[in-house]
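Visitor: next one to model:
(one chain, ligands or ions: 1)
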Amino acid sequence: METSTLPKLHDAAKDFMPINGTDYLELYVSNSKQAAHFYKTAFGFQSMAYAGLETGLKDRESYVVVQDKIRLVLTSPLKSGTDIGRHIDQHGDGVKVVALWVDDATYAYNAAMERGAKSYMEPQTEEDSTGKVVRSGIYTYGETVHIFVERKDYKGVFMPGFKKWETPDYNPSSVGLKFVDHMVGNVGWNRMNEWVHFYENVMGFVNILSFDDDDISTEYTALMSKVMSNGNGRIKFPINEPAEGKKKSQVEEYLDFYEGEGVQHIAVATDDIISTVRQLKSRGVEFLRVPDTYYDAVADRVGKIDEDIAPLRELGILVDRDDEGYLLQIFTRPVEPRPTMFFEIIQRKGAQSFGKGNFKALFEAIEREQEVRGTLH
Ligand code: FE2
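Guide: Have a look, this model is predicted:
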């Protein structure tokens, strides 16, 4: 059964880990330069910052791209034998860092460490002529880390060590992506509750929604999920684990191909999903498709919505309703060779949930792709 404690987030006074929002996401990728170009041309990001040989780095190169509040850092090694290279060898391209914007990165680190976090990076201050940034970091599931970023005394383009990266002759228009709505982690068998407790105890998050395998199952596969939220609701991390089904679930497929636990999808918000998805498709982004019959039943299921059904059907956008309103969402196919990470585009119209009414149609769509990949068995 779905259980919800929405919207009972804890009050600010009790929130020992105040977080202002997602600061950046760093992906370790095999070709950061081409990945940056992909996110610009396909997803409408802009050039923002660069660090590498030209800034004095010898072992890695990073390109930062930006769209509204979303910053992606794309990092590749410049030589063999690095941690980044080993990470890519094991996991393929994927999210290494989910950076969280805080007012005090030293406090956040100490608060997490006192509560049992595993250290990734002790607080470090980096400075340039425009100010300073303090960062610290802890491990979460798999090899994924959270870096706390304190940037109240910084006025530069991104962070010390980076220089501005401009491509004046190529500035793609935004497709309307605004901010990270939520990020989902896939963890191993029977590991969901362990990570739920980590986010509760170490990070001060609360479990706002739970789905068991009755909610998220098809004829063949199943998974379970719990949604963790920080105190002000700006950070939401659903955590998935596989559940027993007749065949291999999408979470197991992910764990096999990522060779470990990691970020499954990044959900990014838009105010106009029809326009955003139309542009993304025209730029070559590939989306999962549910059967056309989905749209025959959608009006009965969700009731009156502002949008016409025709463009939703044309573009494959899904709709779901909860007590507070409705949401529109769509999922890309994986954005790297391994069937691992993908994006969700979401527009919320009051709803604070995650599209439970779409799970079955969606997971059947994923299974059809697994079938083609030969991983549904
Ligand atoms: Fe999602």
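
Visitor: which stretches of the stretch 151-300 of the chain form helices?
Guide: Using DSSP state H, counting those that start in this stretch, the helices assigned to the stretch 151-300 of the chain run over residues 192-201, 250-258, 273-282, 293-302.

Visitor: low-scoring stretches of this protein, by residue?
Guide: Low-confidence segments of the chain (pLDDT under 70): 1-13.

Visitor: can you pull the contacts of the closest residue to residue 130 other than its chain neighbours?
Guide: Spatial nearest neighbour of residue 130, chain neighbours left out: residue 156 (3.7 Å); criterion: Cβ to Cβ, 6 or more residues apart in numbering. (C-beta placed from N, C-alpha, C; glycine too.) By Cβ atoms under 8 Å, 6 or more residues apart in numbering, the contact set of residue 156 is 128-131, 162.

Visitor: flag every buried residue along stretch 87-104.
Guide: Neighbour-count burial for stretch 87-104 flags 87-88, 91-102, 104 (criterion: 16 or more other Cβ atoms under 10 Å).

Visitor: please apply the same query to stretch 265-276.
Guide: Using 16+ other Cβ under 10 Å as the test for burial, stretch 265-276 gives 265-270, 273-274, 276.

Visitor: what's the answer for stretch 185-205, then?
Guide: By neighbour count on 16+ other Cβ under 10 Å, the buried set for stretch 185-205 is 185-188, 191-192, 195-196, 198-199, 202-205.

Visitor: show me which of the contacts of residue 156 is closest to residue 16.
Guide: For the contacts of residue 156, the closest approach to residue 16 (Cβ to Cβ) belongs to residue 131, at 26.8 Å.

Visitor: the closest one bridge partners, please.
Guide: On the basis of DSSP bridges, residue 131 is bridged to residue 128, residue 154.

Visitor: list the contacts of it.
Guide: Listed by Cβ under 8 Å, 6+ apart, the contact set of residue 131 reads 153-156.

Visitor: before we move on, the earlier item: which one of the buried residues of stretch 265-276 is nearest to residue 310?
Guide: residue 274 (10.1 Å).

Visitor: the closest one contacts residue 313, doesn't it?
Guide: No - assessed by Cβ atoms under 8 Å, residue 274 is found out of contact with residue 313, at 11.1 Å.

Visitor: so which of the buried residues of stretch 87-104 are in helices?
Guide: Counting by DSSP state H, the buried residues of stretch 87-104 place 87-88, 91 in helices.

Visitor: got TSV for these, with distance to the ion too?
Guide: TSV is the format used below for those (distance: Cβ to the ion, whole Å):
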residue	distance to the ion
87	24
88	25
91	20
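
Visitor: which of those sits closest to residue 180?
Guide: Within those, the smallest distance to residue 180 is 20.3 Å, found for residue 91 (Cβ to Cβ).

Visitor: list the contacts of the residue lying closest to the closest one once chain neighbours are set aside.
Guide: In space, and not counting its chain neighbours, residue 91 is closest to residue 258: 5.2 Å by Cβ to Cβ, 6+ apart. Applying Cβ under 8 Å, 6+ apart to residue 258 gives the contacts 91-92, 94, 142, 186, 338, 340.

Visitor: again with residue 117
Guide: Taking Cβ under 8 Å, 6+ apart as the test, what residue 117 contacts is 138-139, 202.

Visitor: try it again at 10 Å.
Guide: 108-111, 137-140, 146, 198, 201-203 (Cβ atoms under 10 Å, 6 or more residues apart in numbering).

Visitor: specify which member of the residues you listed is nearest to residue 51.
Guide: Once Cβ to Cβ is applied, the member of the contacts of residue 117 that ends up nearest residue 51 is residue 137, at 17.2 Å.
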